[in-house]
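Undergrad: generate coordinates for the sequence data below:
(2 chains)
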Amino acid sequence: DTGVSQNPRHKITKRGQNVTFRCDPISEHNRLYWYRQTLGQGPEFLTYFQNEAQLEKSRLLSDRFSAERPKGSFSTLEIQRTEQGDSAMYLCASSLEEQETFGSGTRLTVV
Amino acid sequence: QKEVEQDPGPLSVPEGAIVSLNCTYSNSAFQYFMWYRQYSRKGPELLMYTYSSGNKEDGRFTAQVDKSSKYISLFIRDSQPSDSATYLCAMRGAGSYQLTFGKGTKLSVIP
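TA: Next up is the predicted model:
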């Protein structure tokens, strides 16, 4: 087990395009989280899954954002019609109980 | 006022110094407190986790929580150049799944 894996590591996209990121959590972890981090700021919570159920969503998660975790394993985060303000590091974390392990993130640049 | 306040630094210390990092918070519902270390272009790595007032020690690291003052600290003894990173405090309320992070303090330990 190599920890939380996120792909791709970097993504450059044109404004208005859709992008999808993938997160593979630590295999026995039933909890999965998505956070967004901009330069000079701490991570901000986006959403939380327990197994396949999405139990909590931040108001930061606008209608253009959607996350899924089919079968309670890997998760995807999709951003539709990207805007320059979406440029950030998107972090995934997983846990069995309360101590999250973070992945290295996907850095999104919208040009 | 942000829920969690953390001085972003930067903080520069000589090798071997004792480092003190601090956060204050305003939400009395926060019950669980964490310190993460984040190297450049990496995800946050959990250093310390505590849920009660008082001190918790792990090697060169000591986490201190004062719930009455809404103040938490991380002390690093015998600091090393490899400790150079951004240190993030994070906290969570009972029954909540989301972490609220501080902005992070950038630390440089000079050989």
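Undergrad: ok, which residues in chain A are in contact with chain B?
TA: A:4, A:31, A:33, A:35, A:40-45, A:48, A:50, A:55-56, A:58, A:91, A:93, A:98-105, A:107 (Cβ under 8 Å from any Cβ of the partner chain). Heads up, the C-betas are built off the backbone N, CA and C, glycines and all.
Undergrad: low-confidence ranges in chain B?
TA: Residues of chain B that meet the criterion pLDDT under 70 lie in B:1.
Undergrad: quick check: chain neighbours aside, which residue is closest to whichever residue of it sits closest to chain A?
TA: Closest to chain A within chain B is residue B:101: 3.0 Å, counting by Cβ to the nearest Cβ. Excluding its sequence neighbours, the residue lying closest to residue B:101 (Cβ to Cβ, 6 or more residues apart in numbering or on different chains) is residue A:42, at 3.0 Å.
Undergrad: next one: residue A:72
TA: Ranked by Cβ to Cβ, 6+ apart and with sequence neighbours excluded, the top spatial neighbour of residue A:72 is residue A:51, at 3.8 Å.
Undergrad: same question for residue A:44.
TA: residue A:36 (5.3 Å).
Undergrad: next one, pLDDT for the one you found please.
TA: On pLDDT, residue A:36 comes in at 97.
Undergrad: how about the secondary structure of it?
TA: strand (DSSP: H, G, I helix; E, B strand; the rest coil).
Undergrad: and it, how many residues sit next to it?
TA: 21 (other Cβ atoms under 10 Å in any protein chain shown).
Undergrad: which residues touch it?
TA: When contacts are counted by Cβ atoms under 8 Å, 6 or more residues apart in numbering or on different chains, residue A:36 touches A:43-44, A:46, A:60, A:88-91.
Undergrad: where does chain A get nearest to chain B, residue-wise?
TA: Closest point on chain A to chain B, by Cβ to the nearest Cβ, is residue A:42, at 3.0 Å.
Undergrad: isn't that residue up against residue B:104?
TA: Yes. Residue A:42 is in contact with residue B:104 according to Cβ atoms under 8 Å; the separation is 5.4 Å.
Undergrad: show me which of these two is the more surrounded one.
TA: Neighbour totals were compared for residue A:42 and residue B:104, and residue B:104 leads with 27 against 24 (other Cβ under 10 Å).
Undergrad: nearest residue to the residue nearest the centre of chain A in space, please, no chain neighbours.
TA: Most central in chain A under Cα atoms, centre = their mean is residue A:34, positioned 3.8 Å from the mean C-alpha point. Spatially, and ignoring its direct neighbours in sequence, residue A:34 is nearest to residue A:46 (4.2 Å; Cβ to Cβ, 6+ apart).
Undergrad: now the one you found: which helix or strand?
TA: strand A:44-50 (DSSP states H and E).
Undergrad: for the record, mean pLDDT for that strand?
TA: Computed over strand A:44-50, the average pLDDT equals 96.
Undergrad: then it to CSV, C-alphas only?
TA: C-alpha atoms of strand A:44-50 as CSV (Å, rounded to 0.1, in the frame of the first residue of the first chain):
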residue,chain,number,x,y,z
GLU,A,44,-10.5,24.1,2.4
PHE,A,45,-13.0,21.3,2.7
LEU,A,46,-15.1,20.4,-0.3
THR,A,47,-16.8,17.1,0.3
TYR,A,48,-16.8,13.9,2.3
PHE,A,49,-17.8,10.3,1.5
GLN,A,50,-18.4,7.4,3.8
